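**Q** give me coordinates for this.
(one chain, ligands or ions: 1)
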Amino acid sequence: MMADKKTATLSFADKTLEFPIYSPTAGPDVIDIRKLYADGGVFTYDPGFTSTASCESKITFIDGDKGELLYRGYPIDQLAEKSHFLEVCFLLLYGNLPSAVELEDFEARVTKHTMVHEQMMYFFRGFRRDAHPMAIITGVMGAMSAFYHDSTDITDPWQREVAAIRMIAKVPTISAMAYKYSVGQPFVYPRNDLDFASNFLRMCFAVPAEEYEPNPILSRAMDRIFTLHADHEQNASTSTVRLAGSSGANPFACIAAGIACLWGPAHGGANQACLEMLREIGTVDQIPEYIARAKDKDDPFRLMGFGHRVYKNFDPRAKVMKESADEVLDLLGIDNNETLKVAKELEKIALEDEYFISKKLYPNVDFYSGVILDAMGFPTSMFTPIFALSRTVGWISQWKEMIGDPTQKIGRPRQLYQGATMRDYVDVEDR
Ligand code: SDX
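**A** Model (predicted):
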């Protein structure tokens with residue numbers, strides 16, 4: 001970190017403290033307050049971390065005002081158009097676009113790790129058939145540390161690398177198995193002659209009774225969805241992975257923690273909640289009622305797929321997703337998709353409404369993704385597992401960066417305590 005000459009002065013009570021200010025390559029300056037408690041005896045207070053940089057990172061950058069998202073400096077719309085998911089995985093993990101030889105080697109390494117230990121099938125058997133796939137993949141990811149114990153030592157760079165490749169390669173297989181288990185169909189093994197997205201679609205939709213031919217347009221759309229969800233700075237689930245990793249927990253346990261956090265409807269669970277909301281709205285004429293509910297302070301209802309902590313302009317991923325929705329539905333010959341009609345009209349009305357304009361609420365990555373996944377044949381319960389499958393490379397890249405940072409310490413925030421002060425125990429007969 002380049003420590004600029006700039007400093008910030010903080011005066012309170014009888015103290016005046018100086019703190020260094022660091023300038024990033026992009027984004028706001030940061031004030032280094034690490035010595036605040038030791039020198040000033042006070043904490044900062046920032047629940048939700050709206051004004052807190054938790055780490056130094058070189059992986060992903062978001063400009064919320066411009067609606068820009070960069071993976072290692074490359075704009076997401078260029079990567080979505082010109083790259084493909086495994087190349088994006090290499091970029092996020094190692095920092096640069098691969099040469100042709102590097103890419104071929106990386107794809108071969110991931111392909112070779114797509115199968116899971118055969119004993120894992122019995123782990124699935126413990127779940128009810130109607131278990132939510134997110135419950136299953138959270139459990140199975142955590143269990144991977146029991147199956148792949150030879151890649152859990154985080155002090156060994158080789159084991160960290162193997163764990164990373166194993167998780168990127170196996171999460172699609174585990175996610176597809178969770179889907180097959182929920183529909184009572186046999187698990188489908190991965191195939192080494194298929195690309196990453198085609199392999200996932202085949203593991204989800206192939207049945208032993210007939211050949212499954214991946215549709216290249218659907219595979220391309222699936223691959224693009226993986227790329228759009230791959231990483232996103234220090235969002236809630238990534239911060240969860242970093243915090244879990246800061247204790248020295250094994251990589252599989254850290255990613256399981258990230259999956260659990262992503263499941264929340266305010267985060268990755270919003271894609272499922274959004275499509276269910278669009279279906280509940282049903283038709284365009286019902287939209288005003290829901291817009292009114294979203295604006296009503298006394299109504300907990302929020303427009304799912306709208307708003308973002310960082311984007312105060314369009315989420316660039318939503319733009320790409322919207323184009324992809326038109327393409328996929330057109331390919332599938334679905335021209336009167338009421339859900340897509342409701343989504344587009346809802347977006348139009350919301351973006352012209354003072355409430356949404358004043359609060360800078362725009363569609364986010366979850367607003368259109370569900371329309372595409374639904375058209376592809378996925379149940380809404382598979383939407384967040386697909387988000388988790390995509391984000392696994394981002395979580396791992398951020399986890400590797402943290403483990404490799406010599407200054408990293410166990411994350412241990414403090415608090416503003418408002419509870420009872422010291423008092424003596426009272427026997428029950430005296431209360
Ligand atoms: C993801 O962080 C990431 O990067 C996440 C993510 C990633 O790739 O990792 O981008 C993925 O999680 C996208 C977000 C998916 N979630 C949703 O679509 C759920 C609906 N949206 C929200 O609940 C909300 O917008 C959040 C959680 C996304 C952001 O919440 P913030 O930043 O804490 O904002 P806030 O709750 O303080 O809202 C600010 C104001 C509030 O009104 P006031 O209290 O100021 O009067 O805007 C209102 C909110 O009530 N508001 C909404 C709204 N979102 C915010 N009102 C109606 N509908 C909404 N969707």
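**Q** what does the protein put close to the ligand?
**A** Within the chain, the positions adjacent to the ligand are 232, 235, 266-268, 270, 294, 302-310, 359, 361, 364-366 by CB under 6 Å from any ligand atom. Every residue, glycine included, has its C-beta placed from N, CA and C.
**Q** the same query, at a cut-off of 5 Å, please.
**A** Residues of the chain lying close to the ligand (CB under 5 Å from any ligand atom) are 232, 235, 266-267, 270, 294, 302-307, 309, 359, 364, 366.
**Q** what's the closest of those residues to L10?
**A** If you rank the residues of the chain next to the ligand by distance to L10 using CB to CB, R309 comes first, at 25.5 Å.
**Q** skipping adjacent residues, who's closest to the closest one in space?
**A** Using CB to CB, 6 or more residues apart in numbering and skipping the chain neighbours, the partner closest in space to R309 is T50 (7.4 Å).
**Q** same check on Y355?
**A** In space, Y355 comes closest to K295 once its chain neighbours are excluded; the distance is 4.6 Å by CB to CB, 6+ apart.
**Q** hmm, back to that, buried members of the residues of the chain next to the ligand into ChimeraX, please.
**A** Buried subset of the residues of the chain next to the ligand, written as a ChimeraX selection, criterion 16 or more other CB atoms under 10 Å:
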select :232,235,267,270,294,302,303,304,305,306,307,364,366
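**Q** ranges for the helices of the stretch 201-350 of the chain?
**A** For the stretch 201-350 of the chain, the helices identified by DSSP state H, counting those that start in this stretch occupy 216-228, 236-246, 251-262, 270-281, 287-295, 316-331, 338-351, in order along the chain.
**Q** what's the angle between the longest one and helix 338-351?
**A** I take that to be helix 316-331. On the basis of axes from the mean of the first three to the mean of the last three CA atoms, to 10 degrees, helix 316-331 is oriented at 150 degrees to helix 338-351.
**Q** next: the fourth one.
**A** With the same axes, to 10 degrees applied, the angle from helix 270-281 to helix 338-351 works out at 100 degrees.
**Q** ok, residues contacting helix 270-281?
**A** Applying CB atoms under 8 Å, 6 or more residues apart in numbering, the set of residues contacting helix 270-281 from outside is 265, 287, 290, 303-305, 339, 342-343, 346, 364-367, 369-371, 373-374, 380-381, 383-384, 387.
**Q** can you flag the buried ones in those?
**A** Members of the contacts of helix 270-281 that pass the buried threshold by neighbour count (16+ other CB under 10 Å) are listed as 265, 287, 290, 303-305, 339, 342-343, 346, 364-367, 369-371, 373-374, 380-381, 383-384, 387.
**Q** going along the chain, name the strands of this structure.
**A** In chain order, the chain shows strands spanning 3-12, 15-22, 30-31, 60-63, 68-71, 74-75, with DSSP state E as the criterion.
**Q** D315 is nearest to which of these?
**A** In terms of CB to CB, the element of these nearest to D315 is strand 68-71, at 7.9 Å.
**Q** can you name the residue of the protein nearest the ligand?
**A** Ranking the residues of the chain by distance to the ligand (CB to the nearest ligand atom) places G307 first, at 2.4 Å.
**Q** ok, the residue nearest to that residue when sequence neighbours are not counted - how many residues close by?
**A** The spatially closest residue to G307, leaving aside those adjacent along the chain, is L361, at 4.4 Å (CB to CB, 6+ apart). Counted by other CB atoms under 10 Å, the residues lying close to L361 total 20.
**Q** test my guess that L361 contacts D353.
**A** No. Between L361 and D353 no contact is recorded; they are 9.1 Å apart, counting by CB atoms under 8 Å.
**Q** tell me the contacts of F301?
**A** Contacts for F301 (CB under 8 Å, 6+ apart) come out as Y290, R293, A294.
**Q** would TSV of those residues with pLDDT be doable?
**A** As requested, these are arranged in TSV below (pLDDT from 0 to 100):
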residue	pLDDT
Y290	94
R293	94
A294	93
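**Q** which of these lies closest to P20?
**A** Within the set of the contacts of F301, A294 lies nearest P20; the separation is 42.6 Å, counting by CB to CB.
**Q** burial count for the closest residue to G95 other than its chain neighbours?
**A** Leaving aside its sequence neighbours, G95 sits nearest to R72 (CB to CB, 6+ apart; 5.6 Å). R72: 19 surrounding residues under other CB under 10 Å.
**Q** over to E323?
**A** 15.
**Q** and if you look at the one 10 residues further on?
**A** By other CB under 10 Å, 6 other residues sit near G333.
**Q** please tell me how far it sits from M376.
**A** Look at G333 and M376: by CB to CB, to the nearest Å, they are 13 Å apart.
**Q** same question for Y71.
**A** When CB to CB is the yardstick, Y71 and M376 sit 24 Å from each other.
**Q** neighbour-wise, which of the two wins?
**A** Regarding Y71 and M376, a neighbour count based on other CB under 10 Å identifies Y71 as having more, with 22 against 19.
**Q** does that one really touch A230, like I thought?
**A** Yes. Taking CB under 8 Å as the definition, Y71 is a contact partner of A230 at 6.9 Å.
**Q** what is in contact with those two at once?
**A** Common neighbours of Y71 and A230 (CB under 8 Å, 6+ apart) are V88, L92.
**Q** any weak-confidence spans in the protein?
**A** Counting by pLDDT under 70, the chain contains low-confidence ranges at 1-4.
**Q** go with 80
**A** Screening the chain residue by residue with the criterion pLDDT under 80, one finds the ranges 1-5, 335-336.
**Q** list the contacts of A253.
**A** Contacts of A253 by CB under 8 Å, 6+ apart are G142, S145, A244.
**Q** one more time with 10 Å
**A** M141, G142, A143, M144, S145, T152, V241, A244, G245, S247 (CB atoms under 10 Å, 6 or more residues apart in numbering).
**Q** can you check E56 too?
**A** E56 makes contacts with M1, Y22, P24, V30, E401, M402, D405, T407, Q408, as judged by CB under 10 Å, 6+ apart.
**Q** looking at the residues you listed, which are in helices?
**A** Under the assignment DSSP state H, these contribute E401, M402 to helices.
**Q** before we move on, back to that, check the strands of the chain for me and report the most buried one.
**A** Of all the strands of the chain, strand 68-71 carries the top mean neighbour count, a mean of 21, counting by mean count of other CB atoms under 10 Å.
**Q** what does that one rub up against?
**A** Contacts with strand 68-71, where a contact means CB under 10 Å, 6+ apart, come from 26, 59-63, 75-80, 83, 88, 91-92, 227-228, 230-233, 310-311, 313-317, 320, 365, 394, 397.
**Q** with that, I have no additional questions.
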